[in-house]
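S.K.: generate coordinates for the sequence data below:
(2 chains)
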Amino acid sequence: MATINLSSLQTSPSLHFLSLCSSQNTPTLSFYSHSKPFPTFSLKPFTATVKFKPRSFVIPAAFKPLAETELVTVPLTENEFNSKMPSDCGIYAVYDKNNDLQFIGISRNIGASVFSHLKSVPELCNSVKVGVVDEPDKASLTEAWKSWMEEHIKATGKVPPGNESGNVTWVRQPPKKKADLRLTPGRHVQLAVPLEELIDQLVKENKVVAFIKGSRSAPMCGFSQRVIGILESEGVDYESVDVLDEEYNSGLRETLKKYSNWPTFPQIFMNGELVGGCDILTSMHEKAGIVVHMFLFAILNLTVMPTSSSWSNPPFLGAKNCGMPLALVDARIASPYRGQLEDRKKLDVNIFLLVFRSVCKTLLEARLCSGAKRLIHVVA
Amino acid sequence: MGVTKEQVESTLKSKLNPSHLEVVDTSGGCGASFAIEIVSEQFEGKRLLERHRLVNAALEEEMKEIHALSIKKSVTPAQWKQQLESQQSTSAA
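M.R.: Next up is the predicted model:
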């Protein structure tokens, strides 16, 4: 357990900046307090530090026992979070509405960790105690964590529910990667239908399909890797097919090139249509985001591609180049989208509205869609 | 064997009549990888996918040898002019 001389640390707050106390066995731990006023002691040589490190605005003090640490209500907005929660390494204890301790965690960025808890289990995150650990190495962090755990167990005889083994509420699970789709049951199995039909089925049954070289977890070509990176970064729910898999996708490369009339890989299909290769996907990503395009399809039944206008005008899309008259676009949005929204349970309405508004704004700015102003009004 | 930069250039010139063309051999010598910037009137009224298809089709023979073709830009002369102007105005500002 870390041994800390409380009195000496508290009487000389500048220790926090000087980090005088940093032997390996006695980690410098400082505590965050928001209610105490800004230190009035002279800190001239360190004012620069204070400016650059927002964390220095709070009084540095010793890392205190759990019971003596102030309970802070978890802020709800991101701005408040940035100002109230330290982004330092340390330990934190999360309390629910009844002030029952739920979880004690270690983090490299306390603020970010608490924020992610707030997002995943808001009902359990009412308030929080934080203890910043200066010059944190793994050992001192673990020691700090242990001291709080031991204190809590001693006081209540219980392990915080979130820290019980097998409880996965608080620990982020690594996102499960989907398996790559296989087109055929195996090389030696005679296909009942031509490969081309299997491709056709596949791209029409799945919203987004990426034909890549290598698997999605280990792409074997830089372009495929970039495509996967873009789709993952936007959180797109997509299927992937490894065109190099000779066992289960034998003959796919040549057949797909003919099917799509596109000579290279990767190839990305959305809603059954070829969107393009890496260059085009990158362009879509940079101009608007794949998700926006997908939303547009969901609402307008419209596949929007980066067009001529996307190159000359900063905004991205040309509804006029989609082969659909603007009036029709207008009419389609005007009535059925709300119903469609409610049908799509998976669609987060708020996110959708946010995206949709920005799409309309972009359309308006690009003067591509005169009805956009009205649409914003409808959506708002 | 691979393809040379000159081959790619001459094919694109003859088939797409570009007003601006830049071909960069990104293969490091083996001739299997190119990056292209092309400005052509033939792109007028076509969306990006179709433009890329035009380039791919023009290079059909070469594509057999080329492993990676990155089309950085495929724009119309009018767009090209606009892009140059906006570049100039930003650099001047």
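
S.K.: remind me which residues of chain A are low pLDDT?
M.R.: Within chain A, the ranges that satisfy pLDDT under 70 run A:1-62, A:172-176, A:234-235, A:287-380.

S.K.: need the longest helix for it.
M.R.: helix A:138-156 (DSSP state H).

S.K.: could you do chain B as well?
M.R.: Every helix in chain B considered (DSSP H), the longest is helix B:77-92.

S.K.: list the buried ones in that one?
M.R.: Residues B:79-80 are the ones in helix B:77-92 that count as buried (16 or more other C-beta atoms under 10 Å in any protein chain shown). All C-beta spots, glycine's among them, are computed from the backbone N, C-alpha and C.

S.K.: again, but for stretch B:11-28
M.R.: Result for stretch B:11-28 [16+ other C-beta under 10 Å]: buried residues B:11-12, B:15-16, B:18, B:21, B:23, B:25, B:27.

S.K.: repeat for stretch A:269-285
M.R.: Using 16+ other C-beta under 10 Å as the test for burial, stretch A:269-285 gives A:269-271, A:274-285.

S.K.: of these, list those near chain B.
M.R.: Contacts with chain B are made by A:274-280, A:283 out of the buried residues of stretch A:269-285, judged by C-beta under 8 Å from any C-beta of the partner chain.

S.K.: would you reformat those as JSON lines and include distance to A:Gly131 and secondary structure?
M.R.: Formatted as JSON lines, these follow (distance: C-beta to C-beta, whole Å; DSSP: H, G, I helix; E, B strand; the rest coil):
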{"residue": "A:Leu274", "distance to A:Gly131": "55", "secondary structure": "strand"}
{"residue": "A:Val275", "distance to A:Gly131": "50", "secondary structure": "strand"}
{"residue": "A:Gly276", "distance to A:Gly131": "51", "secondary structure": "strand"}
{"residue": "A:Gly277", "distance to A:Gly131": "51", "secondary structure": "coil"}
{"residue": "A:Cys278", "distance to A:Gly131": "47", "secondary structure": "helix"}
{"residue": "A:Asp279", "distance to A:Gly131": "50", "secondary structure": "helix"}
{"residue": "A:Ile280", "distance to A:Gly131": "50", "secondary structure": "helix"}
{"residue": "A:Ser283", "distance to A:Gly131": "47", "secondary structure": "helix"}
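
S.K.: which one of those residues is nearest B:Ile71?
M.R.: Checking these against B:Ile71 by C-beta to C-beta gives A:Asp279 as the nearest, at 5.3 Å.

S.K.: which residues touch the closest one?
M.R.: B:52, B:70-72 (C-beta atoms under 8 Å, 6 or more residues apart in numbering or on different chains).

S.K.: A:Thr255 should be in a strand, yeah?
M.R.: No: counting by DSSP: H, G, I helix; E, B strand; the rest coil, A:Thr255 is located in no strand; its state is helix.

S.K.: what's the neighbour count on it?
M.R.: 18 (other C-beta atoms under 10 Å in any protein chain shown).

S.K.: quick check: phi and psi on B:Lys64?
M.R.: Note on B:Lys64: its backbone torsions stand at phi -60, psi -30 [degrees, to the nearest 10].

S.K.: report pLDDT for it.
M.R.: Here, the pLDDT recorded for B:Lys64 equals 85.

S.K.: any idea how far it lies from chain A?
M.R.: According to C-beta to the nearest C-beta, to the nearest Å, B:Lys64 stands 9 Å off from chain A.

S.K.: check which helix or strand the nearest residue to A:Pro161 once chain neighbours are set aside maps to.
M.R.: Nearest non-adjacent residue to A:Pro161, counting by C-beta to C-beta, 6 or more residues apart in numbering or on different chains: A:Gln102, 5.9 Å away. Per DSSP states H and E, A:Gln102 falls inside strand A:101-107.

S.K.: list the contacts for residue 77?
M.R.: Let's take chain A. Counting by C-beta under 8 Å, 6+ apart, A:Thr77 touches no other residue.

S.K.: chain B is the one I meant
M.R.: Residues near B:Pro77 by C-beta under 8 Å, 6+ apart: B:19-20, B:39-41.

S.K.: which parts of chain B are strands?
M.R.: Under the criterion DSSP state E, chain B contains strands at B:20-25, B:33-39, B:68-75.

S.K.: as TSV, those strands with distance to chain A and mean pLDDT would be great.
M.R.: TSV is the format used below for the strands of chain B (distance: least, C-beta to the nearest C-beta, whole Å; pLDDT from 0 to 100):
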stretch	distance to chain A	mean pLDDT
strand B:20-25	14	92
strand B:33-39	10	92
strand B:68-75	5	89
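
S.K.: mind checking which of these is nearest A:Lys257?
M.R.: For these, proximity to A:Lys257 was assessed by C-beta to C-beta; strand B:68-75 is nearest, at 13.3 Å.

S.K.: give me the angle between that closest one and strand B:20-25.
M.R.: Here strand B:68-75 points in a direction 160 degrees away from that of strand B:20-25 (axes from the mean of the first three to the mean of the last three C-alpha atoms, to 10 degrees).

S.K.: check which residues of strand B:68-75 are buried.
M.R.: For strand B:68-75, by 16+ other C-beta under 10 Å, it's B:68-71, B:73-75.
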